[in-house]
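[1] have a look at this prediction, sequence included:
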Amino acid sequence: MLVSAIKVCPQCGDEYDEATGFCSKDGTPLVAQSDANLIGKTVGGRYKVIQQLGEGGMGQVYLAEHVRMKRKSAIKIMRPALVHEPEALQRFTREAENASKISHPNVASIFDFGETDEGLVYLAMEFIEGESLSALLKREIAMHPVVAADIVAQAADALSAAHELGILHRDIKPDNIMVSKRTDGTFVVKLVDFGIARTMERGTQQVTRTGFAVGTPEYMSPEQLSGDVLDPRSDQYSLALVAFITLTGHEAFPNSSSKESLIARLTSRPRRLDEVRDDLDWPNSLQAVFDKALAPDPTDRFASVAEFGVGLANSVEEMTPTQTAEMYRHALGHRMLSVAARTPSDNASIRTPAKPMATQQAKAQKAESRHRRDPVAVRRRGSIFPYLVMAGALTYGVWFYGSKQPSGMARDAADQIAAVVSSAKAMVGSARGISVESATAVPAATPPATAGKRAKRKVSADSTAVTAATESATESAPAASGGDSVVAAPTPPDTMLRR
């Protein structure tokens, strides 16, 4: 295996010449950059390498395809020079362990981890057809505030899911935030590189030495720079630095990689939004969000990274809308409704970029959404009519065919259908007769005095009608033999009423 004259820092990925032994940023021992070519070869007997995607301090990243499932994956190959270093190998292993524990749409999934017969340690993960946020910012300088808030909110959701499992990322930076575009024009974020992540549980083995800072200095929190004990608010601070540069195109601290800037970050506040970009009218609430998230004291920051994501999104909404922003908001809202409609049974588990679950406001909105009618479910309920028509046509066909047969199963089915139809007609006719009879009946709720008067009037009217009918019949009836007259008996009032 050939070795080039370039050395690489396993921590930050910076390249140095052969004469340099340690990284000037973090003091990590440099390793030689490998010139081994794996393109066209099969790694681990399952992944055929297609092309190289990139290279970092820990190794190279290749695009590979599973030989049987034909699924594309990103294969990270650890540098052979680091395989025998316990700390480097432990970091590589911990990345696989930590990332595989997190099941979240904004965290890159881990598929496989192992070592080949040749001694290559590899990690197979989800292939993201996009680019890093750092590459996007190099091209765009700064993102539209609505787009930036969406990207940061998705990253906050991913960190919130990791924090709930007791995992700190400790290396939040634009290089570890992958972005790709959906068909509707919105961005999807994938958080990667949990190599230096550690758990917050007591009794777990420390990856780094006590008092030793690990991470990228430009995006470290003050407590991370000083080597103190970390909690989720350290990741919040790093994400706030990413949000600042995504919105403005400038870093929150001038010349943040210098030693003086790193020392000043321990006690000083970052620059204001209007200091670095005065062409936009920044809301006071947005500046207050950054003042809180970038506070030197962790106790002055937001209680969770999810609250920071919500505060940032709500503050950006106060800015003057533009046509581009309205189009992106419309696409973003349509995407959220589509995701919610696809999972109507568990809408509470959906994490939307602008409204994470950790805040009371988001919880109230989700509780309110449970009472709304799902348009997809309504359409599904309304679509039962075609099935009823098909069932009716099939039943009629069975009856028509069976009625023409002299005997057999078809004839029996036709007779049963006819019997069911006759019973249904009888039930409908009976129900209609009951309704007519109840409609002509005298209400029983009439007061006693009024009911008595009505009864007297009815009896009097009925008697008058009977007398008149008798007299008329007597006068007009023809004489019978023997001089007797035939008189028609009057119809009782109750019978007349029923008729």
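    The structure has been received and is ready for your questions.
[2] alpha carbons only for contacts and neighbour counts from here, please
    Will do.
[3] which outside residues touch stretch 65-79?
    33-34, 46-50, 58-64, 92, 120-128 (CA atoms under 8 Å, 6 or more residues apart in numbering).
[4] just the buried residues of those residues.
    33-34, 47-50, 58-64, 92, 121-128 (16 or more other CA atoms under 10 Å).
[5] narrow these to those in strands?
    If you go by DSSP state E, the buried ones among the contacts of stretch 65-79 have 33-34, 47-50, 59-64, 121-126 in strands.
[6] from what I can see residue 134 touches residue 179, true?
    No - the pair residue 134 / residue 179 is not scored as a contact, 9.8 Å apart, by CA atoms under 8 Å.
[7] between the two, who's got more neighbours?
    residue 179 (24 against 20; other CA atoms under 10 Å).
[8] ok, that one - contacts?
    130-133, 187-190.
[9] next one: residue 116
    Counted by CA under 8 Å, 6+ apart, residue 116 has contacts 43-44, 122.
[10] touching, residue 402 and residue 413? I think so.
    Yes - counting by CA under 8 Å, residue 413 is a contact partner of residue 402 at 6.7 Å.
[11] between these two, who's got more neighbours?
    A direct count of neighbours by other CA under 10 Å for residue 402 and residue 413 places residue 402 higher, at 20 against 17.
[12] in which helix or strand would I find the more buried one?
    Element membership for residue 402 (DSSP states H and E) is helix 385-403.
[13] ok, the residue nearest to residue 229 when sequence neighbours are not counted to residue 156 distance?
    Here the nearest residue to residue 229 in space, its sequence neighbours aside, is residue 223; by CA to CA, 6 or more residues apart in numbering that works out to 7.2 Å. Going from residue 223 to residue 156 by CA to CA, to the nearest Å gives 20 Å.
[14] which one's more surrounded, the two?
    residue 156 (28 against 19).
[15] partner residues bridging residue 125?
    With DSSP bridges applied, the residues forming beta bridges to residue 125 are residue 74, residue 110.
[16] residues touching it, list them.
    Per CA under 8 Å, 6+ apart, neighbours of residue 125: 73-75, 108-112.
[17] and with 6 Å instead?
    Neighbouring residues of residue 125 by CA atoms under 6 Å, 6 or more residues apart in numbering: 73-74, 109-111.
[18] which phi and psi does residue 282 have?
    phi -80, psi 130 (degrees, to the nearest 10).
[19] got it, and residue 177?
    According to degrees, to the nearest 10, residue 177 has phi -120, psi 110.
[20] check what pLDDT it gets.
    Looking at residue 177, its pLDDT reads 95.
[21] with adjacent residues omitted, what lies nearest to it?
    Residue 177 sits nearest to residue 191 (CA to CA, 6+ apart), 4.9 Å away.
[22] about what we covered before: nearest to residue 326, of the contacts of residue 125?
    Taking CA to CA as the measure, residue 326 lies nearest residue 109 of these, at 32.0 Å.
[23] and that closest one, how close does it get to residue 294?
    30 Å.
[24] so for these two, which sits in the more crowded spot?
    residue 294 (29 against 22).
[25] mind listing what that one touches?
    Contacts of residue 294 (CA under 6 Å, 6+ apart): residue 237.
[26] per-residue pLDDT, it?
    pLDDT, read off for residue 294, is 94.
[27] with residue 287 instead?
    On the pLDDT scale, residue 287 gets 96.
[28] how about residue 469?
    46.
[29] for residue 341, same thing?
    Predicted confidence (pLDDT) for residue 341: 53.
[30] continuing past the helix holding residue 402, what's the next helix or strand?
    Next along from helix 385-403, by DSSP H and E: helix 409-440.
[31] elements contacting that next one?
    helix 385-403 (3 or more CA pairs under 6 Å, 6 or more residues apart in numbering; DSSP states H and E).
[32] kindly export the helix it packs on (C-alpha atoms) in PDB.
    The C-alpha trace of helix 385-403 is given here as PDB (Å, rounded to 0.1, in the frame of the first residue of the first chain):
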ATOM      1  CA  PHE A 385     -70.200   3.900  -2.400                       C
ATOM      2  CA  PRO A 386     -68.500   2.200  -5.400                       C
ATOM      3  CA  TYR A 387     -68.100  -1.000  -3.400                       C
ATOM      4  CA  LEU A 388     -71.800  -0.900  -2.500                       C
ATOM      5  CA  VAL A 389     -72.700  -0.600  -6.200                       C
ATOM      6  CA  MET A 390     -70.500  -3.500  -7.100                       C
ATOM      7  CA  ALA A 391     -72.000  -5.600  -4.300                       C
ATOM      8  CA  GLY A 392     -75.500  -4.800  -5.500                       C
ATOM      9  CA  ALA A 393     -74.700  -5.600  -9.100                       C
ATOM     10  CA  LEU A 394     -73.100  -8.900  -8.100                       C
ATOM     11  CA  THR A 395     -76.200  -9.800  -6.000                       C
ATOM     12  CA  TYR A 396     -78.500  -9.000  -8.900                       C
ATOM     13  CA  GLY A 397     -76.500 -11.100 -11.200                       C
ATOM     14  CA  VAL A 398     -76.600 -14.100  -8.900                       C
ATOM     15  CA  TRP A 399     -80.300 -13.800  -8.500                       C
ATOM     16  CA  PHE A 400     -81.000 -13.400 -12.200                       C
ATOM     17  CA  TYR A 401     -78.900 -16.400 -13.100                       C
ATOM     18  CA  GLY A 402     -80.300 -18.600 -10.300                       C
ATOM     19  CA  SER A 403     -83.900 -17.700 -11.100                       C
END
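[33] circling back: from residue 190, how far off is the residue nearest to residue 229?
    26 Å.
[34] likewise for residue 226?
    29 Å.
[35] the two - which one has more neighbours?
    Each of residue 226 and residue 190 has its neighbours counted (other CA under 10 Å); residue 190 has more, 24 against 15.
[36] what's the neighbour count on the nearest residue in space to that one that is not next to it in sequence?
    Among residues not flanking residue 190 along the chain, residue 106 sits closest, at 4.5 Å (CA to CA, 6+ apart). By the criterion of other CA under 10 Å, residue 106 has 24 neighbours.
[37] try residue 153
    30.
[38] and residue 184, by the same measure?
    12.
[39] what's the per-residue pLDDT of residue 53 here?
    87.
[40] that one belongs to a strand?
    Yes - counting by DSSP: H, G, I helix; E, B strand; the rest coil, residue 53 is located in a strand.
[41] OK, contacts around it?
    61-62.
[42] recalculate using a threshold of 7 Å.
    61-63 (CA atoms under 7 Å, 6 or more residues apart in numbering).
[43] closest one of the residues you listed to residue 267?
    Nearest to residue 267 among the contacts of residue 53, with distances taken as CA to CA, is residue 61, at 38.1 Å.
[44] now that closest one: closest residue in space, sequence neighbours ignored.
    residue 76 (4.4 Å).
[45] between the helix or strand in which that neighbour is found and strand 47-55, how many degrees?
    Assigned by DSSP H and E, residue 76 belongs to strand 72-78. Strand 72-78 runs at 70 degrees relative to strand 47-55, counting by axes from the mean of the first three to the mean of the last three CA atoms, to 10 degrees.
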